[in-house]
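Engineer: Need the 3D shape of this:
(one chain, ligands or ions: 1)
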Amino acid sequence: MSSSSAPRFGHQFCRFCGGPTEALNSTGTHLHCTDCGRDLYVNSKPCAETVIIRDGRVLLLRRTIEPYNGYWDIPGGYLEEDELPEAGAIREAYEEANLDIELKGLIGITLDDYPGQEKLTVLTVSYLAAPLGEPRSGDETGEVRYFAEDEIPENLAFGHARETIREAFALLRRLDGSTG
Ligand SMILES: [Zn+2]
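Structural biologist: Model (predicted):
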């Protein structure tokens, strides 16, 4: 079988036997090992994040690492292998903003390109949350700051962020409306 493209970067060799792979689709994500014959797949990586809103303002963190160094970011990150999204979202908020949170609901799930030499697609589960305390900077974050809904900065990290923040405010209004 002839390959229609090159294997995705980082996947040129079989993870079982080390043999060379060939791509079976145009994006190089469906692979076939030419030595052991196994089919191999490149999948998205799961992440979880929390849009934390207090008094009509959303918490954003200034990134101090690549990609998007210096951009404002929603607290979140990659899930551990044995971790469900809710637990990962709570852990990341604590690691990145030293903040305990209460999850309020699921905003949605998005796909994004993660820029870098190894092309990655991240699948992000986004929650609405309320803060239980005051945020402080963590290891991978500089400034932490609350922004009003009409003051969201232009330089937001990751393509999905602006729409997810918009949907978070909409979800919060629905939740407030149903309880109040
Ligand atoms: Zn193989």
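Engineer: Can you tell me the strand partners of the biggest strand by length in the chain and which way each runs?
Structural biologist: Longest strand in the chain, counting residues (DSSP state E): strand 101-114. The strands beside strand 101-114 in its sheet (DSSP bridges) come out as strand 120-131 (antiparallel).
Engineer: State the next helix or strand along the chain beyond the partner strand.
Structural biologist: Later in the chain than strand 120-131, the nearest helix or strand by DSSP states H and E is strand 141-148.
Engineer: gap between the longest strand of the chain and the chain center?
Structural biologist: Computed by C-alpha atoms, centre = their mean, to the nearest Å, the chain-centroid distance of strand 101-114 equals 8 Å.
Engineer: now swap in stretch 65-84 and tell me
Structural biologist: 6 Å.
Engineer: and what of stretch 29-46?
Structural biologist: The answer for stretch 29-46 is 23 Å, by C-alpha atoms, centre = their mean.
Engineer: Packing partners of the longest helix along the chain?
Structural biologist: Counting residues, the longest helix found in the chain (DSSP state H) is helix 161-179. Packing partners of helix 161-179 (3 or more C-beta pairs under 8 Å, 6 or more residues apart in numbering; DSSP states H and E): strand 45-54, strand 57-63, strand 101-114, strand 120-131. (Each C-beta comes from the backbone N, C-alpha and C, glycine too.)
Engineer: make it 6 Å
Structural biologist: strand 45-54, strand 101-114, strand 120-131 (3 or more C-beta pairs under 6 Å, 6 or more residues apart in numbering; DSSP states H and E).
Engineer: out of the ones you listed, deepest packed?
Structural biologist: Among the helices and strands packed on helix 161-179, judged by mean count of other C-beta atoms under 10 Å, the one packed with the most neighbours on average is strand 45-54 (a mean of 22).
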